[in-house]
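Trainee: what's the 3D shape of this:
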Amino acid sequence: MHNKYIQLPLQINGLLQGYKQPRIHIKDSIKQHIWLLVNTYQGEHQHSPGYGFPLWEQNTRVNPTEQMLKSNIELAFQQYLSKFESRLQHIEIAVSFDHEHFITIVLNGYTIYCNQEFNIDYQFLIHPLLYK
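Mentor: Okay, here's the model as predicted:
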């Protein structure tokens, strides 16, 4: 399969001068898009106010339990991937916490175009008072 997706971040100077943007494989494009989705606050994208990940709103709740926070993150991640990343199917998500206040999100699934296995994990530092 040829690389037909554009690499982020865009090379604005090259774009303005008419050069082609670097191309990447579908798996790399999905990884970039998930990273963008997870690192965007809801309401931050002007043309799609629902775009973004609600993880960053969790700190407004008062001390949810670790299991509640884990369940909320797994459910939200599943919902937002099915809504904003249509190139994946059969998605499984696992969330875990470690003692240094990191959240690890592991995602396994398959690309819809060529049914290739897709695995990725993200690790986020969260505020120590976010969960008990």
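
Trainee: secondary structure class for the residue nearest in space to the middle of the chain?
Mentor: Taking CA atoms, centre = their mean as the criterion, Ile34 is the residue nearest the geometric centre of the chain, at 2.9 Å. Using DSSP: H, G, I helix; E, B strand; the rest coil, the structure places Ile34 in helix.

Trainee: I figured it hits Ile120, correct?
Mentor: Yes - counting by CB atoms under 8 Å, Ile120 is a contact partner of Ile34 at 6.7 Å. Using the backbone N, CA and C atoms, a C-beta is placed for each residue, glycine as well.

Trainee: Find residues that contact each of these two.
Mentor: Leu107 (CB atoms under 8 Å, 6 or more residues apart in numbering).

Trainee: returning to what we had before: tell me who's in contact with the residue nearest to the centre of the chain.
Mentor: Ile34 neighbours (CB under 8 Å, 6+ apart): Leu81, Glu85, Leu107, Ile120, Tyr122.

Trainee: Go through those and flag which are in strands.
Mentor: Using DSSP state E, Leu107, Ile120, Tyr122 are the members of those that sit in strands.

Trainee: how close does the first one get to Leu15?
Mentor: Same thing as Leu107. Using CB to CB, to the nearest Å, Leu107 is found at 30 Å from Leu15.

Trainee: what about these two, which has more around it?
Mentor: Between Leu107 and Leu15, Leu107 has the larger neighbour count (other CB atoms under 10 Å), namely 21 against 12.

Trainee: mind listing what that one touches?
Mentor: Ile34, Phe77, Leu81, Ile91, Glu92, Ile93, Phe118, Asn119, Ile120, Asp121, Tyr122.

Trainee: and it, bridged to which residues?
Mentor: For Leu107, the beta-bridge partners are Ile93, Ile120 (DSSP bridges).

Trainee: what's the pLDDT at Gln78?
Mentor: On pLDDT, Gln78 comes in at 88.

Trainee: before we move on, the earlier item: just flag the most distant two among the contacts of Ile34.
Mentor: Farthest apart among those by CB to CB are Glu85 and Tyr122. That separation is 13.6 Å.

Trainee: returning to what we had before: can I get the contacts of Ile34 in a markdown table including pLDDT and distance to His45?
Mentor: Below are those laid out as a markdown table (pLDDT from 0 to 100; distance: CB to CB, whole Å):
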| residue | pLDDT | distance to His45 |
| --- | --- | --- |
| Leu81 | 89 | 16 |
| Glu85 | 90 | 15 |
| Leu107 | 93 | 21 |
| Ile120 | 91 | 22 |
| Tyr122 | 83 | 19 |
